[in-house]
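Asker: structure, please.
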Amino acid sequence: MEDPWYDTLASGSGEPDDTDSGARRARLPAAREVYTEVHGSAAFQEVRRRYRRFVFPAVAAFLLWYLAYVVAATTAPGLMARPVVGTLNVAMVAGLGQFATTFLLTWAYARHARLRRDRVALELRWVTQEMMRGRGR
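Answerer: Purely as a prediction, here's the structure:
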């Protein structure tokens, strides 16, 4: 699969070479105009909405889980010291749960991005690239 962004600079105009003429460069839309148009598009707003609908609740849930662990560790040391299995206590299980939650959240974020946002974002990249070349309007 060819990537149209591979040879393009971050500014979107590519490196000038001997084949570029001043007239062609004058017809190309400015990066600001392209960004403004893409930013206002329904597809871009949909990508942002899908991102927010996943990230905000996930961050809130994880922060609550983390704060509950910290509060329990400081205010209920007897509970956290209670043995679960052998020398493994509640604090150690909850601490390991923090690591497991981090990996689970990372997996869920990557899956959500792949299934709900990547395709639309890739289409936006192609549209933006075509607009920067002056053909996609």
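
Asker: so how far is stretch 101-114 off the chain centroid?
Answerer: How far stretch 101-114 lies from its chain's middle: 11 Å, per CA atoms, centre = their mean, to the nearest Å.

Asker: show me where pLDDT drops low in this protein?
Answerer: 1-29, 135-137 (pLDDT under 70).

Asker: one more time with 90, if that's ok
Answerer: By pLDDT under 90, the low-scoring segments of the chain are 1-44, 86, 116-137.

Asker: how about the helices in this structure?
Answerer: Secondary structure of the chain (DSSP state H): helices at 22-27, 31-39, 42-75, 77-80, 90-112, 118-133.

Asker: could you export these as JSON lines, including mean neighbour count?
Answerer: (Glycine included, C-beta is placed from N, CA and C.) Putting these into JSON lines (neighbours: other CB atoms under 10 Å) gives the following:
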{"stretch": "helix 22-27", "mean neighbour count": "8"}
{"stretch": "helix 31-39", "mean neighbour count": "14"}
{"stretch": "helix 42-75", "mean neighbour count": "13"}
{"stretch": "helix 77-80", "mean neighbour count": "12"}
{"stretch": "helix 90-112", "mean neighbour count": "13"}
{"stretch": "helix 118-133", "mean neighbour count": "15"}
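
Asker: could you measure from the residue of the chain most remote from its centre over to Glu33?
Answerer: Most distant from the centre of the chain: Gly86, at 41.3 Å, with distances by CA atoms, centre = their mean. To Glu33, Gly86 is 66 Å away according to CB to CB, to the nearest Å.

Asker: phi, psi of the residue farthest from the centre of the chain?
Answerer: With angles defined as degrees, to the nearest 10, Gly86 sits at phi 60, psi -120.
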